[in-house]
Each structure stands twice: as structure tokens, then as C-alpha cells.
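Peer 1: Provided below for reference: sequence and predicted model.
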Amino acid sequence: MTNTEDNAPIGLLTGKVVLITGASRGIGAAAARLFAQEGAAVVLAARGTDALDRIVAEIRAGGGVADAVPVDLADRASIRAAVDRVERLHGRLDGAFNNAGAGQQRPGPLDTTSDEDLDEQFEVNFRAHYTAMNAEAALMRKGTGGAIVNTSSIGSRRANPALPAYGAMKRALNSITESAAVTWAPQGIRVNAITPGGTATEMIDAWEAATPGIVAAITASTPIGRMAQPREVAEVAAWLLSDRASMVTGAIVPVDGGAGA
């Protein structure tokens, strides 16, 4: 049973400016809609701006505040430019949901993982977050602080023999999240990560196409008996970005239906 679309907005993010990367689809698109409904002025970033423009138009039609900026996670200058654009639009940044990332590597054991796979996973699933967090924190320090949420993965919490490079970079992301939380806490910046399990997104569809039966296997291994909907994951990020989570920092929060328990 799901109960995601019926949750009435409560103004959880009212008055906040929030940047969302990877906002053109999946969890990021769900977050864009949800955060706007909860009162945030959202800035949506992704490589494909056509999809962003459609989501921006939808949010504005509903009375929300939204803008789109292009970003290439493999280009550090592009990431910093996206954060600079937020400052030009709003003069501050209160929250950031670093959700974008590379698709999972081609499934296979460690000894068949190519250097190219490893480089891509490092570039987009670790270094891009590192660059974004530093740029976001610098802008937050100009104001009164803020909150950052990184999207990691259940694959970061245990051995990941089918996706070793992906799992390794997501685990590294957990570590840098915790380090940033401790470093920036005195400056009023909270930093947390979420580790979604199986979620009904295009990424899972692609994995199913490459490895038929993976959806059934994920569902069978999830105690709650189903995969998450993108909005369910976005709800956790929204809470972590809100003032309701004011004492939560350095947390790596499972959003996996009990699969990692």
C-alpha cells in the first residue's frame, strides 16, 4: 500500500530556496514537484533542459516558483556555474538536494570492471557531489547556513559484487557526507545522505533490461514487499532539508523498505 500522492502539503519548505540536481526525471523530478508544493522556490538542474522546462512550466502553472539551469556533472565549472545561477536568481541558497548521478555501471564482477566504468563512477557519483557540496556550502555561508542532502544508495551499505565501482563511489559519498557534516556544523550547515533501495525509476528499468529478473529479485528482498515510488524517497529528502530536522546532521538514512536491515 502506498500513501504518497495523497499527502497534503504542510509548508515544510516555505520560504526556502532549494537547488535540485538530476531534476529532469525519477527521484529528482518528484522532488522538484514536492518541494515546490511544500513552499520552496526551486532551481532545477540537469543536463537535459527540455524536460526541466516542462517541469518548471508545470510548477509555475500551479503557483509555484521554479527555474531551470543546465548542468554537466562531469564538468566542475558547469556545477559551479549552476550554483552561481542560484545566487543571481535568489541571492541565497537554503537547501540543496544533490540527486544527480551516473547510471549504474554495467553489471559484472570486480575483475571485469573497466577503467572507464571506474572513471565514470568516480567523476559523476563522487567528485561531482564533492564539487557541488563545496560550492553550495560557500553560498550558504553568505547567509545563515542551510542543509544539503546527497543521494547515495543501498548499494553503499554492503558488499556490492555485481556493481563494485558504483557501490564503492556511493560508499565514498557517505564518508564525505559525514566529514562535511562535522566540518560545517559550526557554520550552520547540515549535511545528510539518503540510501534508497529499489525505486521505480528509469535507472531500474535500464538495469532490468540489462539483467532480466532484477526487479523481481529486488521486490522479493524488500520486506515491505514492493519498490519505492520516487515521491516516497523525495519525502525523506524534504524532511531532512526542513527545519523539522534541525538536529539531524551526518546521518546516512535508509529509504529501502527494510531491505538493508
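Peer 2: Thanks, I have the structure now. All of these numbers come straight from a predicted model, not from anything done at the bench.
Peer 1: and residue 149, what are its phi and psi?
Peer 2: phi -130, psi 130 (degrees, to the nearest 10).
Peer 1: how about the helix or strand containing residue 128 as PDB, C-alpha atoms only?
Peer 2: Element membership for residue 128, per DSSP states H and E: helix 128-141. Taking Å, rounded to 0.1, in the frame of the first residue of the first chain, the C-alpha atoms of helix 128-141 are listed here in PDB:
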ATOM      1  CA  ALA A 128      30.500  15.900  -8.800                       C
ATOM      2  CA  HIS A 129      28.900  15.700  -5.300                       C
ATOM      3  CA  TYR A 130      32.200  16.900  -3.800                       C
ATOM      4  CA  THR A 131      32.300  19.900  -6.100                       C
ATOM      5  CA  ALA A 132      28.600  20.700  -5.600                       C
ATOM      6  CA  MET A 133      28.700  20.500  -1.900                       C
ATOM      7  CA  ASN A 134      31.600  22.900  -1.600                       C
ATOM      8  CA  ALA A 135      30.000  25.400  -4.000                       C
ATOM      9  CA  GLU A 136      26.700  25.100  -2.200                       C
ATOM     10  CA  ALA A 137      28.200  25.500   1.300                       C
ATOM     11  CA  ALA A 138      30.100  28.600   0.100                       C
ATOM     12  CA  LEU A 139      26.900  30.200  -0.900                       C
ATOM     13  CA  MET A 140      25.100  29.100   2.300                       C
ATOM     14  CA  ARG A 141      27.800  30.600   4.400                       C
END
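Peer 1: Model confidence score at residue 7, please.
Peer 2: pLDDT for residue 7: 84.
Peer 1: got the end-to-end distance for stretch 17-36?
Peer 2: 10 Å (CA to CA, to the nearest Å).
Peer 1: Pull the contacting residues for residue 249.
Peer 2: Shown in contact with residue 249 (CB atoms under 8 Å, 6 or more residues apart in numbering): 181, 185, 190, 191, 192. Using the backbone N, CA and C atoms, a C-beta is placed for each residue, glycine as well.
Peer 1: now with 6 Å?
Peer 2: By CB atoms under 6 Å, 6 or more residues apart in numbering, the contact set of residue 249 is 181, 185, 190.
Peer 1: Doesn't it belong to a helix?
Peer 2: No - read with DSSP: H, G, I helix; E, B strand; the rest coil, residue 249 is coil and lies in no helix.
Peer 1: so residue 69 touches residue 84, yeah?
Peer 2: No - with contacts counted by CB atoms under 6 Å, residue 69 stays clear of residue 84, the gap being 9.3 Å.
Peer 1: Since that was my last question, I'll sign off now.
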